[in-house]
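**Student:** let's see this in three dimensions:
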Amino acid sequence: MATIHPTALVDPKASLAADVQIGPFAIIGPEAVLGSRCIVHAYAQIIGNTQLGQGNTVHSHCVIGGPPQDKKYKGEPTRLEIGEGNTFRESCTVNLGTVQDTGVTRIGHNNWIMAYVHIAHDCQIGSNTIMANATQLAGHVVVGDWAILGGITGVHQFVKIGAHAMTGAGTTLLQDLPPYVMATGNPASAHGINTEGLRRRGFTETQIASLRKAYKLVYKSGSTLASALEQLGDPLSTGATSDADAAAIALFSDFLAASTRGIVR
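**Tutor:** Here you go, the predicted model:
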């Protein structure tokens, strides 16, 4: 049976797994769905049409599933979907989607979301990301797997952040940040690839060497982006010698080819 503090307000229509823990003065709305091993700490709110998978922890004063901060929103039935094993530290806010997009905000698995982070409507967050304190994502932002956003990073609406990318503290992203790339500043500028992070995640030295060459083609060669993309498809230009090398380069080049906002330079 779920452990619910007597001061918590849990709507009888909410769906709670048998082992959920709900702390003092927490609020659980009628459309909330909480999977096994979820923990909701004191004063946190899970509201709106919000689904949490297994093993999520929501700390005090978070508001998960609040309505979009969008003047066009008129109460349409949109939702928030959260995967498994995520941690939301104190005072995070995550909004529902809007009908102007797909109608759903999504967060994957095993994300570490620190205090005061805001994830706006229609954002699509991958898995294993880290968002440091007071990171702010505007609407429709996409964040790839394993990305790390430094404290007080601000992200403009519709910006895409590639897998394994990293920002320094206080970064402002107005354009897309490609996979693997490190950026800092306001506005952001690129500063190489996230070499140490890639090593920690099991990338080989040949993969990393290929990605360094790919980065130089785009950022250091003086080539146009179109020309650099052509060269990225040639193993001789990147030194890719295996399928794993080629796959790492493809993630980078495919992101560049699909970017519509331009990339952080």
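
**Student:** show me what contacts Q124?
**Tutor:** Residues in contact with Q124 (C-beta atoms under 8 Å, 6 or more residues apart in numbering) are 105-106, 141-143. No exception for glycine: its C-beta is placed from N, CA and C like everyone else's.

**Student:** of those, which belong to helices?
**Tutor:** If you go by DSSP state H, those have nothing in helices.

**Student:** now the buried members of the residues you listed.
**Tutor:** Burial by neighbour count, 16 or more other C-beta atoms under 10 Å: within the contacts of Q124 this picks out 105-106, 141-143.

**Student:** export those to TSV and tack on pLDDT and distance to N56?
**Tutor:** Listed next are the buried ones among the contacts of Q124 as TSV, based on pLDDT from 0 to 100; distance: C-beta to C-beta, whole Å:
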residue	pLDDT	distance to N56
T105	99	15
R106	98	14
V141	98	21
V142	98	21
V143	99	17
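
**Student:** I'd like to know which of these is nearest to G126.
**Tutor:** The shortest approach to G126 among the buried ones among the contacts of Q124 belongs to V143, at 5.9 Å (C-beta to C-beta).

**Student:** shouldn't the closest one be in contact with I130?
**Tutor:** No - if you go by C-beta atoms under 8 Å, V143 and I130 don't touch, sitting 10.4 Å apart.

**Student:** am I right that E84 is in contact with H109?
**Tutor:** Yes - with contact defined as C-beta under 8 Å, E84 counts as touching H109 (4.9 Å).

**Student:** intersection of neighbour lists for the two?
**Tutor:** G53.

**Student:** hmm, back to that, any common contacting residues for V143 and I130?
**Tutor:** Listed contacts common to V143 and I130 are L149; contacts here mean C-beta under 8 Å, 6+ apart.

**Student:** and L52, its phi and psi?
**Tutor:** Backbone dihedrals for L52, given as degrees, to the nearest 10, come out at phi -110, psi 130.

**Student:** equivalent analysis for F252, please.
**Tutor:** Dihedral pair for F252: phi -70, psi -50, per degrees, to the nearest 10.

**Student:** so which elements touch the lowest-mean-pLDDT helix or strand in the chain?
**Tutor:** The weakest-scoring helix or strand in the chain, judged by mean pLDDT, DSSP states H and E, is helix 235-238 (a mean of 89). Contacts defined by 3 or more C-beta pairs under 8 Å, 6 or more residues apart in numbering; DSSP states H and E place helix 235-238 against helix 205-219, helix 225-232, helix 243-258.

**Student:** ok, and the closest non-adjacent residue to T172?
**Tutor:** Closest residue to T172 apart from its sequence neighbours, by C-beta to C-beta, 6 or more residues apart in numbering: N186 at 4.1 Å.

**Student:** count the neighbours of the one you found for me.
**Tutor:** By other C-beta atoms under 10 Å, 11 other residues sit near N186.

**Student:** can you check the one 10 residues further on too?
**Tutor:** Other residues near E196 come to 11 when the count uses other C-beta under 10 Å.

**Student:** I152 too?
**Tutor:** 17.

**Student:** count of neighbours near V40?
**Tutor:** Neighbourhood size, V40 [other C-beta under 10 Å]: 31.

**Student:** if you could redo that for E81, that was the one I meant.
**Tutor:** By the measure other C-beta under 10 Å, the count of residues near E81 is 16.
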